[in-house]
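Engineer: Starting from these lines, generate the structure:
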Amino acid sequence: MENKELLERIGINPKVMVGKPVIKGTRLTVQYILKLLADGFSFADIKKEYDGITDEDITACLLAKKNTYEEKLRILKSIKKGGEEILQDRIENHLNEDLSDFIHELD
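Structural biologist: The predicted structure is shown next:
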């Protein structure tokens, strides 16, 4: 199954679980499924506990979290890059002001 198809299994609705991403047709949040996995539950354990949940649903939760993480990482990298550019501009402006002050002192 393609990633796009997997992600279609995840929905966000402000009226369901306060807008947290859930497995469509359920009130099971992506966060809750990931917590179960982190606590040692297997895919089989989760499917046994929650009728109708499939391997693809659980995989979709993992993929949704991976995509969220990658997006946050891209944002942080762009902020960092932007911050470096801002810092460089400030240094250049400061150096230009110092040079200008020095030239005026020579006059």
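Engineer: Please settle this for me: is Thr59 part of a helix?
Structural biologist: Yes: assessed with DSSP: H, G, I helix; E, B strand; the rest coil, Thr59 lies in a helix.
Engineer: Pull the contacting residues for the residue nearest to it when sequence neighbours are not counted.
Structural biologist: If the residues on either side of it in the chain are set aside, Thr59 comes closest to Leu6, at 5.9 Å by Cβ to Cβ, 6 or more residues apart in numbering. Quick note: C-beta positions are derived from backbone N, CA and C, even for glycine. Contact partners of Leu6, counting by Cβ atoms under 8 Å, 6 or more residues apart in numbering, are Glu56, Thr59, Ala60, Leu63.
Engineer: Which among those count as buried?
Structural biologist: Ala60, Leu63 (16 or more other Cβ atoms under 10 Å).
Engineer: could the contacts of Leu6 go into a markdown table alongside pLDDT and distance to Arg27?
Structural biologist: Shown next, in a markdown table, are the contacts of Leu6 (pLDDT from 0 to 100; distance: Cβ to Cβ, whole Å):
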| residue | pLDDT | distance to Arg27 |
| --- | --- | --- |
| Glu56 | 97 | 18 |
| Thr59 | 96 | 19 |
| Ala60 | 96 | 16 |
| Leu63 | 94 | 20 |
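Engineer: and which of the contacts of Leu6 is nearest to Thr29?
Structural biologist: Ala60 (12.3 Å; Cβ to Cβ).
Engineer: What are the neighbouring residues in contact with that closest one?
Structural biologist: Leu6, Leu7, Arg9, Ile10, Ile23.
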